[in-house]
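> based on what follows, work out the 3D shape:
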Amino acid sequence: MEEQLGRRIDFIDHTKGLCIMLVVMMHVGGAFDGLADGPVLSSFTMPLYFFVSGLFFKSYEGFAGFLLRKVDKLLVPFLVFYLGSFLLMYGISKLLPGTFRLPVRWSELLLVFRGHELIRFNPPIWFLVALFNCNMLFYIVHYLREKHLPAMFAATLLIGGAGFWLGRERIELPFYIDVAMTALPFYFAGFWIRRYNFFLFPHHRFDKLIPLFILLAVVTMYFTATPLGMRTNDYPGNLFQVYLAAFAGIFAVMLLCKEVKRVPVVTYLGRYSIITLGVHGPLLFFLRPVVSRFLAGGWVQSVALLALTLAVCLLLTPVIVRLMPQFVAQKDLLNRNQ
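Got it, this is the predicted structure:
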């Protein structure tokens with residue numbers, strides 16, 4: 001199975017690349033607001049990220065090793081992007097007062113401890129904390145697989161349902177634990193599909209039906225999708241709608257990426273998606289006024305801002321990987337027992 005996964009790594013990275021491009025597009029706003037705030041894109045974009053993460057789940061040699069690896073891969077990059085972006089904006093606000101509409105205060109470093117407030121200086125990185133907690137939850141649940149498989153399914157569904165209920169009741173748990181609970185079924189689905197495979201194998205006998213499957217998934221999303229606010233654990237639709245639309249979108253995107261196979265730029269973005277996730281938020285603070293100075297509003301400005309942001313991310317990625325790989329999940333910082 002590992003060898004087969006290696007052969008299709010471009011397909012999976014392609015999926016991650018398309019996903020991070022959608023995330024950046026939704027944060028660009030402007031003419032994209034209609035798409036970002038609409039039900040279709042928001043219904044599956046972040047669930048897709050949790051799903052793909054589940055594809056790569058490993059229990060390693062025990063909880064201690066698993067914990068160290070997830071701290072390395074998720075919490076260390078979170079702290080780097082969290083502190084780095086804050087210090088950058090704090091320094092600029094002192095050197096160039098008035099650069100930002102609101103003052104940058106040290107108290108904002110406590111935002112991550114205050115429920116689900118927006119991390120103003122780098123909004124997208126909440127996902128890394130939520131994904132870390134989702135990994136911890138699944139590590140516990142997956143122990144039921146060997147001897148109590150039905151209980152594993154039941155526990156996953158119960159935890160997901162409990163997270164959804166917390167969101168509907170507007171009960172927030174710290175560090176996005178409630179978001180991780182709601183996302184657990186998506187993570188579990190990625191884990192399950194990788195091991196028991198429904199469509200990931202190259203040259204699957206059902207590949208010729210991919211266009212039909214994509215069409216069915218898009219139709220399902222059209223009739224069931226409701227806007228998802230995963231950061232705030234906010235779901236206007238009912239539980240059935242939310243999960244059905246999200247899974248339809250997940251499979252549509254992954255099947256599309258399997259059909260297209262490989263687009264080098266998209267695949268590269270996917271391979272290092274954590275870097276684009278961590279840097280595009282602060283970049284937009286600086287690139288948006290530059291683009292708006294030269295281009296009027298509307299689609300031209302939004303498309304140009306999206307293209308410029310992705311281009312800068314592509315330029316920064318090899319530099320960051322070379323200079324600080326241990327801080328962006330490319331090499332281990334804490335775990336040396338490999």
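> now do the strands in this protein.
Remark: no strands are assigned in the chain by DSSP state E.
> low-confidence ranges in it?
Confidence mapping of the chain against pLDDT under 70 gives the ranges 1-10, 98-102, 196-204, 261, 335-338.
> residue ranges of the helices in it, please?
According to DSSP state H, the chain carries its helices in the segments 2-7, 9-28, 33-37, 39-55, 63-70, 76-95, 126-141, 149-168, 177-196, 210-224, 239-260, 264-271, 273-294, 299-323.
> could the ones you listed go into CSV alongside distance to residue 232 and mean neighbour count?
(C-beta placed from N, C-alpha, C; glycine too.) Formatted as CSV, the helices of the chain follow (distance: least, CB to CB, whole Å; neighbours: other CB atoms under 10 Å):
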stretch, distance to residue 232, mean neighbour count
helix 2-7, 34, 10
helix 9-28, 15, 22
helix 33-37, 14, 13
helix 39-55, 11, 24
helix 63-70, 24, 16
helix 76-95, 18, 17
helix 126-141, 10, 22
helix 149-168, 8, 17
helix 177-196, 8, 23
helix 210-224, 21, 15
helix 239-260, 14, 21
helix 264-271, 26, 19
helix 273-294, 17, 19
helix 299-323, 24, 16
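> let's have those helices in JSON lines, adding distance to residue 114.
As requested, those are exported to JSON lines (distance: least, CB to CB, whole Å):
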{"stretch": "helix 2-7", "distance to residue 114": "39"}
{"stretch": "helix 9-28", "distance to residue 114": "21"}
{"stretch": "helix 33-37", "distance to residue 114": "24"}
{"stretch": "helix 39-55", "distance to residue 114": "21"}
{"stretch": "helix 63-70", "distance to residue 114": "23"}
{"stretch": "helix 76-95", "distance to residue 114": "14"}
{"stretch": "helix 126-141", "distance to residue 114": "12"}
{"stretch": "helix 149-168", "distance to residue 114": "17"}
{"stretch": "helix 177-196", "distance to residue 114": "14"}
{"stretch": "helix 210-224", "distance to residue 114": "33"}
{"stretch": "helix 239-260", "distance to residue 114": "25"}
{"stretch": "helix 264-271", "distance to residue 114": "31"}
{"stretch": "helix 273-294", "distance to residue 114": "18"}
{"stretch": "helix 299-323", "distance to residue 114": "28"}
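> out of those, which is closest to residue 333?
Evaluated over the helices of the chain, closeness to residue 333 peaks at helix 76-95, with 5.5 Å, by CB to CB.
> list the contacts of the closest one.
99-100, 103-104, 106, 108-109, 112, 119, 121-122, 125, 128-129, 132, 274, 278-279, 281-282, 285, 324, 326-329, 333-334 (CB atoms under 8 Å, 6 or more residues apart in numbering).
> rewinding a little: closest one to residue 233 among the helices of the chain?
helix 149-168 (3.6 Å).
> done for today, thanks.
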